[in-house]
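In: give me a model of this one.
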Amino acid sequence: MAERNEAWRPEAVIFTGVQASGKSTFYRERFFETHVRINMDMLRTRRRESLLLNACIIGRQPFVADNTNPLAADRARYIEPARAAGFTVTGYFFRATPREAIARNQQRTGRAAVPIPGLLGTYKKLEGMAVGEGFDVLYAVTLTPANVYVVEEVARAPST
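Out: Residues are numbered from 1 along each chain as shown. Next comes the predicted model:
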């Protein structure tokens, strides 16, 4: 088995955005083959989430934190251990108006559908992402009406 390049750094990807803004579909399209998905919808408890995150950190396994992560404090639970372990940290902010997210949410069925007050509550809490949180690079993601993702780089840490 070939060793990885010494300069290679595993990647921690942090998503931020309201429910039904396209985060999980984006994960499946862009990261499914390369990054472990850390998601509270699947894991259900912070203990399970912490165990999986720690396994990724210890194993130097690239991962995606696919949660709403509306506050900088929410994102810090992934950024701090990843940076301490030498990961590259990339952030993706999913732009969606409440109207767009509600329309997509209405297409969901069963447990996947989010109560509208919960979706609006997340929208009200959303804090913009900043390089100063520990990100190496930040992107904004917009899902077009044709279901095409448009990804724009919005900020990069000075040293990257």
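
In: C-alpha from now on. contacts and neighbour counts both.
Out: Will do.

In: so who does residue 147 touch?
Out: Residues near residue 147 by CA atoms under 8 Å, 6 or more residues apart in numbering: none.

In: tell me how far it lies from residue 12.
Out: As judged by CA to CA, to the nearest Å, residue 147 and residue 12 stand 25 Å apart.

In: and if you look at residue 41?
Out: Applying CA to CA, the value for residue 41 to residue 12 is 19 Å.

In: looking at those two, which is more packed in?
Out: residue 12 (29 against 11; other CA atoms under 10 Å).

In: buried ones in the helix or strand encompassing residue 82, by neighbour count?
Out: When secondary structure is defined by DSSP states H and E, residue 82 falls within helix 72-84. Residues of helix 72-84 classed as buried by neighbour count (16 or more other CA atoms under 10 Å): 72, 75, 78-79, 82-83.

In: what's the answer for stretch 147-154, then?
Out: Buried-residue list, stretch 147-154, by 16+ other CA under 10 Å: residue 149.

In: could you give me the average pLDDT of it?
Out: The average pLDDT for stretch 147-154 rounds to 96.

In: using PDB, list the CA coordinates for it.
Out: Provided in PDB are the C-alpha atoms of stretch 147-154 (Å, rounded to 0.1, in the frame of the first residue of the first chain):
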ATOM      1  CA  ASN A 147     -31.600  21.800  -9.000                       C
ATOM      2  CA  VAL A 148     -28.100  22.800 -10.000                       C
ATOM      3  CA  TYR A 149     -25.600  23.700  -7.300                       C
ATOM      4  CA  VAL A 150     -23.700  27.000  -7.800                       C
ATOM      5  CA  VAL A 151     -20.600  27.100  -5.500                       C
ATOM      6  CA  GLU A 152     -18.700  30.400  -5.100                       C
ATOM      7  CA  GLU A 153     -15.600  30.900  -3.000                       C
ATOM      8  CA  VAL A 154     -16.300  33.800  -0.600                       C
END
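
In: could you look up the SS state of residue 94?
Out: Recorded secondary structure, residue 94: strand (DSSP: H, G, I helix; E, B strand; the rest coil).

In: secondary structure class for residue 48?
Out: Secondary structure assignment for residue 48 (three-state DSSP): helix.
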